[in-house]
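Student: quick check, what structure comes out for this input:
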Amino acid sequence: MPQNQRASSKQEKPSNPVKDEAPASAVEEETEAEKRPSIIRRHPIATLLIVLALIALAAIGYVIWLIYFHPYETTDDAFIDARTFSVAAKISGYVSDVPVSDNQYVDAGAVIAKIDPRDYQIALDQAQGQIGVANAAISSADAQIAAAGAAIDEAKAQVTSAEAALQYAQDENDRQQQLVKSGAGSEQAAQQAAATLRQDRASAAQAQASVTSAVKNQAAAQAQRASAVANLHQAEAQVEAAQQNLSYTTITAAQPGRVVKLSGSKGQYVEAGQAVSMFVPDEIWVTANFKETQLTDMRPGQPVDVTIDAYPDHSLRGHVDSVQPGSGTAFSLLPAENATGNYVKVIQRVPVKIVIDAWPKDVAIGPGMSVVPTVTVRPRT
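Tutor: Got it, this is the predicted structure:
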């Protein structure tokens, strides 16, 4: 069949009435949908109630946030803290007694451990004996000083006597020499007078030397006394040190608290400075590490509610005592160095000290236990 005839036959085919009616019905449905009112107009009361319910829920949520969340700041990074320290021996020796047990509460002055005191008692007795020796040396020096003083007086008296004899001999020699010159005296008498003068001069010099010797003996005795006094002071210091060491054989509690991690035992040899136990004093508090963004309205004196994780049925009351002037990392052994090229800002935590009004007495509470503090930082409306 030729192509023209086939084309004309295609054009002469009758149209489908169903396909022609479909677009007309769709247009009618769209027109009807446009004329139909919206769901809000069809259900105005229900829509209003829904809107009012949403507003009420928002208002209730705001009130709940304003009452139960906005006035408070809380953190779970908190624990009980205390100034714990080790109880150590100040001297070395064998432990003779440990009258306490683990986790025992003791009062101030209670005995924690005893070290065998015999060696230190012997040292004290020796030091006290040195005091006796020093006192005896002082007494001996005093006697020597007194004897030297008497010797000085005696030598001075001898000097006076010798000077008088020397003066007489000098005068007698002068007379005899004048007599010899005038021819009235004998040569023998003049010689005798000269010899006597020389003897008296020697006696006077000897007496003067005796005075000098006595003075020097007195000075030596005084020096010996000063040395004895110094030895006495040294002995007294040794006695005091020995008494201190003897007192250190009894290790006592400096304040009330609990003995924990007791490591000392009877018969054990301990060195000076070696710990025999740890000690937890009565004074404990809460250290809470708040984010720095939580400190805007936090001030000392604000009330705090504290819950202990181990005892959730015990609700405690306290107050903010102080806020550390700096983050926790700033006071660590190796503080962070932020001067780097890849710096990433991280919210820091700042320790806050919280003091509890009254700790419970029926449970065991100690450092390191976790707590959850809630601080009222804003007035509750």
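Student: burial of A108, as a residue count?
Tutor: 12 (other CB atoms under 10 Å). (Each C-beta comes from the backbone N, C-alpha and C, glycine too.)
Student: can you check A223 too?
Tutor: Should you count by other CB under 10 Å, A223 turns out to have 11 residues around it.
Student: helix or strand next in line after the helix or strand encompassing it, which one?
Tutor: Secondary structure from DSSP states H and E places A223 in helix 187-247. Once helix 187-247 ends, the next helix or strand along the chain (criterion: DSSP H and E) is strand 250-252.
Student: flag every buried residue along that next one.
Tutor: For strand 250-252, the neighbour count (16 or more other CB atoms under 10 Å) marks I251 as buried.
Student: other SSEs contacting it?
Tutor: strand 111-115 (3 or more CB pairs under 8 Å, 6 or more residues apart in numbering; DSSP states H and E).
Student: for the strand it packs on, the distance to its chain's centre please.
Tutor: 23 Å (CA atoms, centre = their mean, to the nearest Å).
Student: show me what the helix or strand that comes right after that strand is packed against.
Tutor: Of the helices and strands lying after strand 111-115 in sequence (DSSP H and E), the nearest is helix 118-182. Packing partners of helix 118-182 (3+ CB pairs under 8 Å, 6+ apart): helix 187-247.
Student: list the contacts for the residue nearest to N135 when sequence neighbours are not counted?
Tutor: Once flanking residues are discounted, N135 sits nearest to L232: 6.4 Å by CB to CB, 6 or more residues apart in numbering. Neighbour list for L232: 131, 134-135, 137-138 [criterion: CB atoms under 8 Å, 6 or more residues apart in numbering].
Student: now the buried members of those.
Tutor: Buried members of the contacts of L232, counted by 16+ other CB under 10 Å: 131, 134, 137-138.
Student: between those, which sits nearest I112?
Tutor: I131 (32.3 Å; CB to CB).
Student: look up how far N135 lies from the residue lying closest to that closest one once chain neighbours are set aside.
Tutor: Residue nearest to I131 in three dimensions, not counting chain neighbours: A235, with 4.3 Å by CB to CB, 6+ apart. A235 sits 9 Å away from N135, going by CB to CB, to the nearest Å.
Student: cool, Q121 as well?
Tutor: According to CB to CB, Q121 stands 21 Å off from N135.
Student: which pLDDT value belongs to E30?
Tutor: According to the prediction, E30 has pLDDT 63.
Student: what is the least confident helix or strand in this protein?
Tutor: Every helix and strand of the chain was ranked by mean pLDDT, DSSP states H and E. The lowest is helix 3-11, at a mean of 43.
Student: returning to that earlier point: I'd like the contacts of L232 laid out as JSON lines, including pLDDT.
Tutor: What follows is the contacts of L232, written out as JSON lines (pLDDT from 0 to 100):
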{"residue": "I131", "pLDDT": "91"}
{"residue": "A134", "pLDDT": "89"}
{"residue": "N135", "pLDDT": "90"}
{"residue": "A137", "pLDDT": "88"}
{"residue": "I138", "pLDDT": "87"}
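Student: need those in a markdown table with distance to V87, can you?
Tutor: Shown next, in a markdown table, are these (distance: CB to CB, whole Å):
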| residue | distance to V87 |
| --- | --- |
| I131 | 33 |
| A134 | 37 |
| N135 | 39 |
| A137 | 42 |
| I138 | 43 |
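Student: burial count for E292?
Tutor: 11.
Student: nearest spatial neighbour of it, skipping sequence neighbours?
Tutor: Closest to E292 by CB to CB, 6+ apart is Q348, at 5.0 Å.
Student: give the contact list for that neighbour.
Tutor: 291-292, 327-329 are the contacts of Q348 under CB under 8 Å, 6+ apart.
Student: need these in CSV (columns: pLDDT).
Tutor: CSV is the format used below for those (pLDDT from 0 to 100):
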residue, pLDDT
K291, 93
E292, 92
S327, 88
G328, 83
T329, 83
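Student: and these, which is closest to R83?
Tutor: G328 (17.3 Å).
Student: enumerate every residue touching the closest one.
Tutor: 289, 348-351.
Student: need the residues you listed in CSV (columns: distance to Q144, secondary structure and pLDDT).
Tutor: Formatted as CSV, the contacts of G328 follow (distance: CB to CB, whole Å; DSSP: H, G, I helix; E, B strand; the rest coil; pLDDT from 0 to 100):
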residue, distance to Q144, secondary structure, pLDDT
N289, 75, strand, 95
Q348, 78, coil, 90
R349, 77, strand, 93
V350, 75, strand, 94
P351, 71, strand, 95
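Student: need the max-distance pair from those.
Tutor: Q348 and P351 (10.7 Å).
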